[in-house]
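J.: Everything below, folded, please.
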Amino acid sequence: MVEIIVAVIAASGGLLGSIIGVLSANRLTTYRIAQLEKKVDKHNNLVERMYKVEESAEVLKEQIKVVNHRIRDLEDE
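T.: Sure thing, here's the model as predicted:
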């Protein structure tokens with residue numbers, strides 16, 4: 001009877017250790033995923049801002065072309 005009680009206690013300890021290990025690994029995984037999501041959000045925000053900067057750069061290039069053309073016209077007169 002003593003051997004059975006010892007075996008049950010040992011099995012319970014092993015089971016409890018496994019459960020604690022799985023829960024802590026799950027918590028760590030959840031934390032790491034949250035950190036990666038933050039990094040992805042920052043990256044996506046940067047990509048959106050760069051797209052807007054590129055659009056405004058194109059507009060400025062076009063405006064410079066127009067201004068240069070007007071200057072040439074004025075110089076020719």
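J.: how about the strands in this structure?
T.: For the chain, applying DSSP state E gives no strands.
J.: which residues of it fall in helices?
T.: In the chain, the segments counted as helices under DSSP state H are 2-76.
J.: low-confidence ranges in it?
T.: By pLDDT under 70, the chain contains no weakly predicted segment.
J.: Can you dump the C-alpha atoms of stretch 56-69 in PDB for me?
T.: Extracted C-alpha coordinates of stretch 56-69, given in PDB (Å, rounded to 0.1, in the frame of the first residue of the first chain):
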ATOM      1  CA  SER A  56       5.000  64.300 -51.700                       C
ATOM      2  CA  ALA A  57       8.400  64.000 -53.200                       C
ATOM      3  CA  GLU A  58       6.900  63.200 -56.600                       C
ATOM      4  CA  VAL A  59       4.600  66.300 -56.300                       C
ATOM      5  CA  LEU A  60       7.600  68.400 -55.400                       C
ATOM      6  CA  LYS A  61       9.600  67.100 -58.300                       C
ATOM      7  CA  GLU A  62       6.800  68.000 -60.600                       C
ATOM      8  CA  GLN A  63       6.500  71.500 -59.100                       C
ATOM      9  CA  ILE A  64      10.300  72.000 -59.600                       C
ATOM     10  CA  LYS A  65       9.900  71.000 -63.200                       C
ATOM     11  CA  VAL A  66       7.200  73.600 -63.700                       C
ATOM     12  CA  VAL A  67       9.200  76.300 -61.900                       C
ATOM     13  CA  ASN A  68      12.300  75.500 -64.000                       C
ATOM     14  CA  HIS A  69      10.200  75.700 -67.100                       C
END
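J.: any idea how far it is from the chain center?
T.: How far stretch 56-69 lies from its chain's middle: 35 Å, per C-alpha atoms, centre = their mean, to the nearest Å.
J.: Contacts for it next, please.
T.: Residues outside stretch 56-69 that contact it (C-beta atoms under 8 Å, 6 or more residues apart in numbering): none. Heads up, the C-betas are built off the backbone N, CA and C, glycines and all.
J.: what separates K38 from A10, distance-wise?
T.: 43 Å (C-beta to C-beta, to the nearest Å).
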